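In: missing the sequence, but the structure's below:
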């Protein structure tokens, strides 16, 4: 008998990945303030990957505490350019600034996943991908954002590589699933090891 699984996320991309992989789960949106959860890490020297892991744990623990005895998968992703961590753009002007800052540079996507039961984390992983954006003309950025619209506000980098965002890049190094927001292969391996899915 497969164990019940909850995905602690409202992300349609993460839900689609798990559903496409054939997993039986329900999605429950965590009720946390991500910036408040991240605040204690400022000035601690925490890496962007560690920040993603802390946020993934916070999300999973929040959902786990409301669903005792159930296996909860928490995920988070940070985008880092050097020492700077980017967050989801609040509006289209912020999205434009994101793309201008990333233009012509290589940034990292740090994708964390954790498994929690009864508020206790017992497995975690962080997958890092490097994405090199081509040099973008400001006028092109404006036209691109006008085409994709508010989809640009759904991800930390103001792009989706599974959509038109792929046109912004000249090189991508890393796992596709991790780039979209969930290191799926390590998660599936962990669930098989637990006997939570058939393996």
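Out: Thanks, I have the structure now. Just so it is clear, the model here is predicted, and its values are computed rather than measured. Residues are numbered from 1 along each chain as shown.

In: please enumerate the helices of this protein.
Out: Applying DSSP state H to the chain gives helices spanning 12-20, 34-38, 48-65, 92-102, 138-148, 176-180, 184-194.

In: centre of the chain to the second one, how far?
Out: This points to helix 34-38. In terms of Cα atoms, centre = their mean, to the nearest Å, the centre of helix 34-38 is found 15 Å from the chain centre.

In: contacting residues around it?
Out: The contact list for helix 34-38 (Cβ atoms under 8 Å, 6 or more residues apart in numbering) reads 51, 54-55, 58, 76, 87. The C-beta positions use only the backbone N, C-alpha and C, and glycine is treated the same way.

In: could you flag which of those are buried?
Out: Buried subset of the contacts of helix 34-38 (neighbour count, 16 or more other Cβ atoms under 10 Å): 51, 54-55, 58, 76.

In: low pLDDT regions in this protein?
Out: Residues of the chain that meet the criterion pLDDT under 70 lie in 1-2.

In: which parts of stretch 156-168 are buried?
Out: Buried-residue list, stretch 156-168, by 16+ other Cβ under 10 Å: 156-161, 165, 168.

In: I'd assumed residue 60 was in contact with residue 114.
Out: Yes - at 5.3 Å, residue 114 and residue 60 qualify as touching, with contact defined as Cβ atoms under 8 Å.

In: shared neighbours, those two?
Out: 73-74, 121.

In: who's in contact with the top strand by length along the chain?
Out: If you go by DSSP state E, the chain has its longest strand at strand 120-133. Strand 120-133 is contacted by residues 49-50, 52-53, 56-57, 60-61, 99, 102-116, 157, 161, 168-175, 178-179, 183, 186-187, 190 when judged by Cβ under 8 Å, 6+ apart.

In: and the closest residue to residue 70 other than its chain neighbours, how far is that from residue 68?
Out: Once flanking residues are discounted, residue 70 sits nearest to residue 4: 5.1 Å by Cβ to Cβ, 6 or more residues apart in numbering. Taking Cβ to Cβ, to the nearest Å as the measure, residue 4 falls 11 Å from residue 68.

In: neighbour count: those two, which is higher?
Out: residue 4 (14 against 9; other Cβ atoms under 10 Å).

In: might you report the residue contacts of residue 172?
Out: 129-132, 161, 179.

In: circling back to that earlier point, among the buried ones among the contacts of helix 34-38, which two are most distant?
Out: Taking Cβ to Cβ as the measure, the buried ones among the contacts of helix 34-38 span a maximum distance of 10.7 Å, between 51 and 58.

In: surely residue 160 meets residue 151?
Out: Yes - if you go by Cβ under 8 Å, residue 160 and residue 151 touch, sitting 6.3 Å apart.

In: measure how buried residue 133 is and give me the count.
Out: By other Cβ under 10 Å, neighbour count at residue 133 equals 22.

In: correction: the previous question concerned residue 62.
Out: Other residues close to residue 62 by other Cβ under 10 Å number 20.

In: ok, it - contacts?
Out: 8, 30-32.

In: repeat for residue 135
Out: 103-104.

In: how near is it to residue 197?
Out: From residue 135 across to residue 197, the span is 43 Å (Cβ to Cβ).
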